[in-house]
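Colleague: model this:
(chains A, B and C)
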Amino acid sequence: MLTKLMKLATVASLAFATATSAQAQDEGVLGEIKARDSLLCTGHNGSYLGFAEVDAQGEWQGFDIEMCRALATAILGSPDKAQIIPISWAQRFPAIQSGDIDVIIKVTGWTMTRDTELGLQYSRPYFIGPFYVMSRSDLGAQSISDLDGGVFCVNAGTTVERVLADYMETNGIEYQPLAFEKGEELRAALYAGRCDAIAGFGPFLSSTRVNAPNPDDFTIIGDVIKLEPEGIVVRQGEDDFLDVINWMVTALLLAEENGITSENVDEIKANPPSATVERLLGVTPGVGTRLGLQDDWAYNVIKTVGNYGQIYDRTIGDGSRYKLPRGLNNLWNNGGLLYPLVLD
Amino acid sequence: MTKLFTSQKFRRTAVQVLFVAVVAMFILATIIVGRTNIADQGIATGFGFLNQTTGWPVSFSLTDVGPRSTYTQVLFAGLLNTMLVGFMTLIFATVLGLLLALMRISSNSLMKLVGTTYVEVFRNVPVILQVFFWYAILTHFPGPRQAYSLADMAFFSNRGLMLPAPSLSGLDVAIFLIGCVAIGFGLKSFKPKKSGLRLPLAILAAVALFGVLLLTGREADVPLWSVPELKGLRFVGGVSLKPEFSALLIGLTLFGASYIGEIIRGGLISVDKGKLEAGSALGMSPFQINRYIRIPLAFRAMLPSLSNQYIWLMKGTTVGIAIGYPDYFAIVSTSINQSGQTMELLALLMGGFIVVNYSIGFAMNLLNTRLKLKGRS
Amino acid sequence: MTTSVVPPVPKRGFGYWLKKHFFSTWLNSVITVLFGALLIWMCVKLSNWAIFDAIWTVDNKEHCGHGAGACWAVIQDRGRLILFGLYPYEEQWRSTLACLIVILTIGLSCLPSLWSIKKLPTLWVIGFGAFVLLMRGGFAGLPLVTSEQWGGLSLTIFIFSAVFVLGMPLAVVFALARRSSLPVIAKGTGLFIDLVRSLPLLTILFAAAVVVPLLVPDWLEGNKLGRVVVAFAVFFAVYQAEIIRAGLQSTSQGQNEAAAALGMPYWSLVVDILLPQAFRNTLPSTINQAVITFKETSIVTIIGFFEVMASGNAAIGGGEWTEQFVEVYVFLALVYFVFVFGLSRYGAWLENRMRVGHA
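Modeller: Numbers count the residues shown, from 1 in each chain, chains lettered A, B, ... in the order given. Prediction:
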């Protein structure tokens, strides 16, 4: 009730403010976000290690959380305006359909059903997730077929459930599936030995392994079951919002491509090496107004959250406990699959 | 005109019409808003998805379902899973509850203490926490290769309890169950001279049916009993009790027993002492007093609370989702996520539980009326 | 011929007491010996595990799990996460204080001198309001902490007290409606109550969390926590309504007639005469319902709230403390037990007191 009143008051006062300043009113969810002055973004119901986890102080951390913060900075100017809503895998789609959250940044695979039947829209992939299987080392499995008949644990309601079933059927491997609603339960079951293997996308498996009481007890098997592009999800028809998200991802990648980091962004802004960087950092106008944002939005994002490489490094890469190699999630000129769009 | 408004009858009718109108408008508004919201967001609606294949497996089911099964089949399997664990909980919890009640009213103070401690401990901790606890315990046992075994026939590991089982197909089991029911009904009309003969006869008939099925219903070279055997990563043969199922069953049973025990104790205490004394004055043995006087009378007194508790326990199976048991709720939750048909699936979810719980309520009511007719107290 | 009369055994003394309670028959003696041995063995094992062999501080962490006793170090290390969840670290004193306020409110409402139809609701509105203001902040220099960040024990207590505060008036309305002399209203309410009672709480909360927003206009949506609390309150209310209805039925019909004869208006009859009696008569059942509600708050962990159950799981889910699940679960069980056992003892005491009062 109180929240409701507060919200009403904020909305009312902001509506008044915007009306008097005679600014062009934004349509759709972008307008709502600005009016609310916060971005409602997905967390996890528990911890999805490396992507959305809660530390001992009760703070949200992780790659997806940083993406939320970058998006909040782009739109509202501060990473603190990202409001993280704890949400399970199964609830993410109903939650966005109902407007409980503005955007799903929760390593969500781009599938046809979701894209067409759920009334959703995907951004360009911001992460490439190869699906692997990680098994207990003492089983000595070299390939997935060595695990014939074993118990495979997965997160309930994710694409992994389907992808794994598909792979096993194609390759004629028998297995006993076991699906858990929460990451905690899945991990606990694995560590306890209830599962012979878990299937999931690479970074998740690595982070689960690193967190194990003894990481050497688990081995990631080389066979890739599937490559899944992970996108950021918005409701159907939110084209303006999707534009902002796509260009936010591009800005992060472009910054890395040009060696712009949160440390040197001020120097580079003072001395832009190229016209593209000039535009990116808002030295020459246009990068913001065309999206309905401030012209220095990309500068703010890089300054406060960092470029793509920095985010990766901090949350799941070398700077984190997980020490995941960049692999496919490197820039195209470093052997990866990621590339910025053309900023003209 | 004023007469009309002050008229009691008119006012009563008006209030009720208003009530119905408000409720109807509320429902109508909900439907309209719902339809527009869903249409606005381009979400597919309708029950057509029920005939699509799911593409994902179910970890435990009584029927044969897999990634190629349709949503209808998978949902039905989930409902069966819920009923399986639910009814087994009811049976075990009632037995354990009866034991607890007898302990708490026993003359031995030590028994009383044990009974009371049990009830206070298990009643005052949330059931979901207990289920988590048992699941953690069960999964921390050694793996299948280091399984505890009993004469290489039964195995216990963190993959569950593996037991030898007769080689019966699903069809055989169904025939057996139907046969048992038929025997039960047959005996009701059959009245041998000695009433004590009925039960042994029934058991004999059931065993005979079982034997015939076991001997005839299988392929020629299949052994009579299938014994679990470690092959690679899993046990092949026999029947297995998965830890998810066991943990849910244990947790719900131990929790439910503490409540049912209290209900039964209340029922037993409520039996008038004079009736028990009358029994012993007639020369009945303590067993006979319990069997013919105390338990029937107590049963009548506790039936209403017992049926409430049964419904509650049936609903409590929904915590299975927290430990990976594919009960109806868990299956619906996954289906919602995979198919996106939130509204339709939620309606099916609620419908399923209403049917199951109303059936329990109906059965218990039936029992209640039958018992009531016999005696007057 | 002489008849020897055995002198009656004196019916007191330790020996007699022992015999009467533990060794009255040979069966009882066997049971006593068996159970006694088992109990002593269990007590020794348990106290060794929990106290004597236990490891209490994080510094000794490396000794954990090697045949030693309980590793309470996990509670020292993750205790704050378990109790406060996502609540900002520096602001956790607010969460503590807020919890204490609600506990005080619960304590105060156990005092019979405060039992009046005016005092009790006022107390709860004040206590609950203070809790929400303190938790939320956003005034007088207290940083704003939105409900998405609430967690741990304070979220459990918030859900419990909010359900109680919202559900109680709703229950009264349901109970009165079901007893209404207007058949349509009575039947309609009855149908609704029976329907909700046959549904699992989890499905209702799930529906409130994910479906309700699709069915109501935007301005009515509220946030997820709000919706879940309202749905929980409705669930509580249908159960409590049946209890109140039983209480209303136990009041004598003569009182209604007396009130009618005196020309008392309906509301005055309900508020001043019937409800106080109904509540007083059903107090034990009401407390029992409160106990059940407190335990059932643990269900919301499944739909993604960081109440104490979920934050406990988060504490062991990280890998570092995976092996210490027993300790964390025991700690959680104790947290629940303190509240629930306290409440249920109070209920039993009250029941006893009332029985004496009536006799």
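
Colleague: residue boundaries of the strands in the stretch 151-300 of chain A?
Modeller: For the stretch 151-300 of chain A, the strands defined by DSSP state E, counting those that start in this stretch occupy A:151-155, A:176-180, A:197-201, A:218-235.

Colleague: cool, and chain B?
Modeller: All strands of chain B, identified by DSSP state E, fall at B:148-150, B:154-157, B:160-163, B:165-166, B:225-226, B:229-231, B:234-236, B:239-241.

Colleague: out of the ones you listed, nearest to residue A:213?
Modeller: With C-beta to C-beta as the measure, strand B:154-157 is the member of those nearest residue A:213 (19.7 Å). Every C-beta, even on glycine, is put in place using the N, C-alpha and C of the backbone.

Colleague: give me the packing partners of that closest one, helices and strands only.
Modeller: Applying 3 or more C-beta pairs under 8 Å, 6 or more residues apart in numbering or on different chains; DSSP states H and E, one finds that strand B:154-157 contacts strand B:148-150, strand B:160-163.

Colleague: for those, give me a markdown table that also has mean neighbour count.
Modeller: Formatted as a markdown table, the helices and strands packed on strand B:154-157 follow (neighbours: other C-beta atoms under 10 Å in any protein chain shown):
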| stretch | mean neighbour count |
| --- | --- |
| strand B:148-150 | 12 |
| strand B:160-163 | 22 |
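
Colleague: which one of those lies closest to residue A:285?
Modeller: Taking C-beta to C-beta, strand B:160-163 is the member of those nearest to residue A:285, at 66.2 Å.

Colleague: check which helices and strands the closest one is in contact with.
Modeller: Where contact means 3+ C-beta pairs under 8 Å, 6+ apart, strand B:160-163 is packed against strand B:154-157, strand B:239-241, helix B:243-270.

Colleague: how about the helices and strands packed on strand B:154-157, which one is nearest residue A:332?
Modeller: It's strand B:160-163; of these, that one is closest to residue A:332 (C-beta to C-beta) at 48.7 Å.

Colleague: which residues are in contact with that closest one?
Modeller: B:138, B:147, B:153-156, B:228, B:235, B:238-243, B:245-246 (C-beta atoms under 8 Å, 6 or more residues apart in numbering or on different chains).

Colleague: in what helix or strand does residue C:199 lie?
Modeller: Counting by DSSP states H and E, no helix or strand carries residue C:199.

Colleague: list the contacts of it.
Modeller: B:315, B:350, B:353-354, B:357.

Colleague: picking up where we left off before, okay if I get the helices and strands packed on strand B:160-163 as JSON lines plus mean pLDDT and distance to residue C:230?
Modeller: Shown next, in JSON lines, are these (pLDDT from 0 to 100; distance: least, C-beta to C-beta, whole Å):
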{"stretch": "strand B:154-157", "mean pLDDT": "82", "distance to residue C:230": "45"}
{"stretch": "strand B:239-241", "mean pLDDT": "82", "distance to residue C:230": "40"}
{"stretch": "helix B:243-270", "mean pLDDT": "91", "distance to residue C:230": "27"}
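
Colleague: mind putting the ones you listed into CSV with distance to residue C:259 and mean neighbour count?
Modeller: Converted to CSV, those look like this (distance: least, C-beta to C-beta, whole Å; neighbours: other C-beta atoms under 10 Å in any protein chain shown):
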stretch, distance to residue C:259, mean neighbour count
strand B:154-157, 67, 20
strand B:239-241, 61, 16
helix B:243-270, 34, 23
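
Colleague: tell me the contacts of residue A:109?
Modeller: Listed by C-beta under 8 Å, 6+ apart, the contact partners of residue A:109 are A:129, A:158-159, A:228-231.
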